[in-house]
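S.K.: no FASTA, just this:
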């Protein structure tokens, strides 16, 4: 999550940029997400946008509280009761990790449970979630589907087990995936393992950003809930200049939420990846003097 903040540092995460020499003015983009350093020690979204000469800042807008971990832990201990697992968010995987750590299940997981779950299907959405699942030793499929709708289609085309699929999820989960599976007669058991709440530093971090950096050229939202918790502050800080901002969405669900708020969507990432988002934002901005 977020790293420690020194007394001389701004309240929002460090800005990293990689300008092109031919650009006379570096465009600033704001990403409303928390930092997730990869194996190279850098957030991949920051790196990809930097390759296009864009100066990016990360501001987290969501926090999470884990729920029902004893119940989830018990279910993870009985893979024989399920046909497989579904992970659609990194937070759900983190809940699984907490279950293994808090209940001293690491040894039994490595000895037998992991192998038993790997004998079944483990479905995921997105590469970030897939990467976390692989770290607890599970083999994944479906990560290239990109969203819940496509994953539902993928599961329906492959799943034949009579046992239910175990679906750890958040309190704000959409019903598209459960409904699609139910319509196809595929059993699923949901367990709410986390709830989404506003990040306590949203207003202060946005105030700091706008006072130091001004109005960004583009703002990317990563979830409908992130939009809900931050939009009012962004509208107040941007004022009449809000019309000059290119709004971007990580996927179609967030894009629909933006449109529902009456905001023009200049970019929807073709897939929920740093590369796709960076390409889309660069195309939407089209700064002169950069290629």
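M.R.: All right, it came through fine. Predicted model only: the values in this text are computed from it and were never measured.
S.K.: which residue ranges of the stretch 151-291 of the chain form strands?
M.R.: Along the stretch 151-291 of the chain, the segments classed as strands by DSSP state E, counting those that start in this stretch run 165-170, 188-198, 218-221, 246-249, 265-268.
S.K.: now stretch 216-235, how far from the centre of its chain.
M.R.: Here stretch 216-235 is found 14 Å from its chain centre; the criterion is CA atoms, centre = their mean, to the nearest Å.
S.K.: residues of stretch 171-183 that come out buried?
M.R.: If you call a residue buried by 16 or more other CB atoms under 10 Å, then stretch 171-183 has these buried ones: 173, 177, 178, 180, 181. To be clear about C-beta, it is placed using only N, CA and C from the backbone, and glycine gets the same treatment.
S.K.: tell me which of the strands of the stretch 151-291 of the chain sits most buried.
M.R.: strand 218-221 (a mean of 26; mean count of other CB atoms under 10 Å).
S.K.: can you give the contact residues for that strand?
M.R.: For strand 218-221, contacts defined as CB atoms under 8 Å, 6 or more residues apart in numbering pick out 27, 29-33, 227, 230, 234, 245-250, 254, 257-258, 266-267, 277, 281, 284-285.
S.K.: inside helices: which ones of the buried residues of stretch 171-183?
M.R.: 177, 178, 180, 181 (DSSP state H).
S.K.: identify the bridge partners of the residue lying closest to residue 245 once chain neighbours are set aside.
M.R.: Nearest non-adjacent residue to residue 245, counting by CB to CB, 6 or more residues apart in numbering: residue 219, 5.7 Å away. Counting by DSSP bridges, residue 219 is bridged to residue 30, residue 247.
S.K.: next one, pLDDT for residue 219 please.
M.R.: What the model reports as pLDDT for residue 219 is 98.
S.K.: and it, how far is that from residue 88?
M.R.: 24 Å (CB to CB, to the nearest Å).
S.K.: do residue 132 as well
M.R.: 12 Å.
S.K.: check residue 152 too.
M.R.: When distance is defined by CB to CB, residue 152 is 10 Å away from residue 88.
S.K.: what do those two both touch?
M.R.: Joint contacts of residue 152 and residue 88 (CB under 8 Å, 6+ apart) are residue 177.
S.K.: now do the helices in the stretch 51-200 of the chain.
M.R.: 69-76, 90-102, 106-108, 114-118, 127-135, 148-158, 176-183 (DSSP state H, counting those that start in this stretch).
S.K.: residue 272: which of those helices is closest?
M.R.: Comparing the helices of the stretch 51-200 of the chain against residue 272 with CB to CB, the closest turns out to be helix 127-135 (7.7 Å).
S.K.: which helices and strands sit right next to that closest one?
M.R.: Packing contacts for helix 127-135, counted by 3 or more CB pairs under 8 Å, 6 or more residues apart in numbering; DSSP states H and E, involve strand 84-87, helix 90-102, strand 121-124.
S.K.: nearest to residue 138, out of those?
M.R.: Nearest to residue 138, of the helices and strands packed on helix 127-135 and by CB to CB, is strand 121-124 at 4.8 Å.
S.K.: show me what that closest one is in contact with.
M.R.: Contacts of strand 121-124 (CB under 8 Å, 6+ apart): 83-88, 130, 133, 138-143, 151, 154-155, 158-159, 161, 165.
S.K.: rerun that using 10 Å as the cut-off
M.R.: With CB atoms under 10 Å, 6 or more residues apart in numbering as the contact definition, strand 121-124 has outside contacts at 83-90, 92-93, 129-134, 136, 138-145, 151-152, 154-155, 158-161, 165-167, 177.
S.K.: what about burial for these, which qualify?
M.R.: 83-90, 92-93, 129-133, 136, 138, 140-143, 145, 151-152, 154-155, 159, 165-167, 177.
S.K.: need the helices of the stretch 51-200 of the chain in JSON lines (columns: mean pLDDT and distance to residue 37).
M.R.: Supplementary listing: the helices of the stretch 51-200 of the chain in JSON lines, determined by pLDDT from 0 to 100; distance: least, CB to CB, whole Å:
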{"stretch": "helix 69-76", "mean pLDDT": "95", "distance to residue 37": "25"}
{"stretch": "helix 90-102", "mean pLDDT": "93", "distance to residue 37": "13"}
{"stretch": "helix 106-108", "mean pLDDT": "90", "distance to residue 37": "24"}
{"stretch": "helix 114-118", "mean pLDDT": "97", "distance to residue 37": "26"}
{"stretch": "helix 127-135", "mean pLDDT": "91", "distance to residue 37": "12"}
{"stretch": "helix 148-158", "mean pLDDT": "90", "distance to residue 37": "26"}
{"stretch": "helix 176-183", "mean pLDDT": "91", "distance to residue 37": "29"}
